[in-house]
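[1] Next come a sequence and a model predicted from it.
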Amino acid sequence: MSRPPRRPRARQQRGQSHVGERFEAEVGPVAHGGHCVVRVSTGSTSTERVVFVRHALPGERVVVEVTEGTEGDRFWRGDAVEVLEASPDRVVAPCPYAGPGLCGGCDFQHVTLPRQRELKAAVVREQLRRLAGLDVDVEVEAVPGDVEGLRWRTRQRYVTLPNGGRAMRKHRSHDVVPVDECLLEAPRGPSYEVRGSWFEVADGGFWQVHPGAPEALVGAVLEALAPRSGESALDLYAGVGLFSRFLLDAVGPGGRVCAVEGDAAAVRLARRNCPGLQASSGDVGTVLETDYDEPFDLVVLDPPRVGAKRKVVEQVVDRRPRAIAYVACDPAALARDVAIFAEHGYGLVGLRAFDLFPMTHHVECVALLEPRPARQRTTS
């Protein structure tokens, strides 16, 4: 069942509004969320203010228009409404609805695809450095299934206008922009076949929207875990069993795969998609308090955007797996959880990142965590 879009939370006014004011400034580094950091001097005292600016690129000189911000805010938000000195990586957006004050669905249509991936890699590196204290090389990999970053969204939702037309929403707003089409929309819906196996998915149920995503993620998870015949695996936030299906094949009849998923309908489908799977429905943290409390060789974690968080991480560690594959759609949540794993002796030993959402700031990561030697734990 489709849900109405979430309205932005009403913001409390904290002094004089600066919305609509313009500043000329040099653009700083990219930041998590699809914007770049800009510092502007304001007021008679030339107070420096941080502004998170969309539609810009690092190193450019632009005119920033404030879109959100009052005197008491820690930071403001803005758009680059004029480019005075352009980056060589800037291009004309292929979509006529992409730009300041228009559709908010895309963050990087003004950026070449290779540079988009470099920006996403920089964000992943920065989050791991800042939140987990790690210096990690990151390369964001392209996956097949899009056309120069377009036509990959196999599930698309428009706002229906009173006249029957279609619209998209503005960034951080309930306001709409009438559109003829979205250039991200794929010409056909999703395929539920992966590596020769078909998956049953409920109408409106979760499935990766990029056609190349299921294959890329399954391949990365299996490569990271290297499952062996006879091993046991725990698939958390398992959905309809995408990873469980191939883990069952890998561990063979002498092995065991168990799954936990919050959506009861998805669990029923996972049992049908994965013969031999032991699956439970419920909050992952709550289920693990009482069930599947024996040791497991392998764990797959594919949590929602907020991450697994401490309760689940500590329960995973309690199973003493030899390897954990963490599938993350938010690099900040990944970094926070990696830091918690490190507290309990599990270190990040591998990371792959995939461009499953071209033209947007989103990036998908598959991280491999393994127990660190006891000597390394005490010296790190």
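    Good, I have the coordinates. Predicted, not measured: the structure shown is a model, and the values here were computed from it. Numbers count the residues shown, from 1 in each chain.

[2] Show me what the longest helix belonging to the chain is packed against.
    Longest helix in the chain, counting residues (DSSP state H): helix 113-132. Helix 113-132 sits against strand 22-31, strand 140-141, helix 331-343, strand 346-354, with contacts defined as 3 or more C-beta pairs under 8 Å, 6 or more residues apart in numbering; DSSP states H and E. C-beta coordinates here come from the backbone N, C-alpha and C atoms, glycine included.

[3] The ones you listed: which one's closest to residue 196?
    Minimum separation from residue 196 across the helices and strands packed on helix 113-132 (C-beta to C-beta) falls at strand 346-354, 21.3 Å.

[4] Would you mind putting the CA coordinates of that closest one into CSV?
    Below are the C-alpha coordinates for strand 346-354, written out as CSV (Å, rounded to 0.1, in the frame of the first residue of the first chain):
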residue,chain,number,x,y,z
TYR,A,346,35.4,-6.9,14.9
GLY,A,347,37.3,-4.9,12.3
LEU,A,348,36.5,-3.7,8.8
VAL,A,349,38.6,-5.7,6.4
GLY,A,350,36.9,-5.0,3.1
LEU,A,351,34.6,-2.5,1.5
ARG,A,352,32.9,-2.2,-1.9
ALA,A,353,30.6,0.6,-2.9
PHE,A,354,28.1,0.6,-5.8
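
[5] Just after that strand, pick out the following helix or strand.
    Once strand 346-354 ends, the next helix or strand along the chain (criterion: DSSP states H and E) is strand 364-371.

[6] That following strand versus helix 113-132: what angle between them?
    Computed with axes from the mean of the first three to the mean of the last three C-alpha atoms, to 10 degrees, the direction of strand 364-371 lies at 40 degrees from that of helix 113-132.

[7] got a markdown table for the helices and strands packed on helix 113-132, with mean neighbour count and mean pLDDT too?
    Listed next are the helices and strands packed on helix 113-132 as a markdown table, based on neighbours: other C-beta atoms under 10 Å; pLDDT from 0 to 100:
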| stretch | mean neighbour count | mean pLDDT |
| --- | --- | --- |
| strand 22-31 | 17 | 97 |
| strand 140-141 | 18 | 98 |
| helix 331-343 | 22 | 98 |
| strand 346-354 | 20 | 98 |
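
[8] Quick one: closest of the ones you listed to residue 372.
    Closest approach to residue 372 among those (C-beta to C-beta): strand 346-354, 4.4 Å.

[9] That closest one pairs with which strands, and in what direction?
    Strand 346-354 sits in its sheet next to strand 140-141 (parallel), strand 364-371 (antiparallel), going by DSSP bridges.

[10] Which segments of the chain make up each domain?
    Split into domains by automatic domain parsing, the chain comes to 1-90, 121-146+188-379.

[11] And the helices in the protein, which stretches?
    Ranges of helices within the chain are 113-132, 213-225, 242-251, 264-273, 284-290, 309-318, 331-343, 374-379, based on DSSP H.

[12] re earlier: for residue 114, which of the helices and strands packed on helix 113-132 is the nearest?
    Shortest distance between residue 114 and those, using C-beta to C-beta, is found for strand 140-141: 9.7 Å.

[13] roughly how far out does the closest one sit from the chain middle?
    Offset of strand 140-141 from its chain centre (C-alpha atoms, centre = their mean, to the nearest Å): 13 Å.

[14] ok, and what's touching that strand?
    Strand 140-141 has contacts (C-beta atoms under 8 Å, 6 or more residues apart in numbering) with 117, 118, 120, 121, 124, 216, 352, 353, 354, 355, 363.

[15] still on that earlier bit, ranking the domains of the chain by burial, who's on top?
    Among the domains of the chain, ranked by average contacts under mean count of other C-beta atoms under 10 Å, first place goes to domain 121-146+188-379 (a mean of 19).

[16] so how far is it off the chain centroid?
    Worked out by C-alpha atoms, centre = their mean, domain 121-146+188-379 lies 13 Å from the chain centre.

[17] before we move on, the earlier item: the contacts of strand 140-141: which two are farthest apart?
    Greatest spatial distance in the contacts of strand 140-141: 118 and 216, 18.9 Å, computed using C-beta to C-beta.

[18] what about stretch 260-273, average pLDDT?
    Across stretch 260-273, the average pLDDT comes to 98.

[19] Would you check how far apart the residue nearest to residue 65 when sequence neighbours are not counted and residue 268 are?
    Spatial nearest neighbour of residue 65, chain neighbours left out: residue 81 (4.6 Å); criterion: C-beta to C-beta, 6 or more residues apart in numbering. Separation of residue 81 from residue 268 (C-beta to C-beta, to the nearest Å): 51 Å.

[20] Tell me who's in contact with the closest residue to residue 151 other than its chain neighbours.
    Spatially, and ignoring its direct neighbours in sequence, residue 151 is nearest to residue 186 (5.3 Å; C-beta to C-beta, 6+ apart). Going by C-beta under 8 Å, 6+ apart, residue 186 touches 151, 152, 153, 154, 156, 211.

[21] Next up, phi/psi of residue 186, please.
    phi -80, psi 150 (degrees, to the nearest 10).

[22] and what of residue 292?
    With angles defined as degrees, to the nearest 10, residue 292 sits at phi 50, psi 40.
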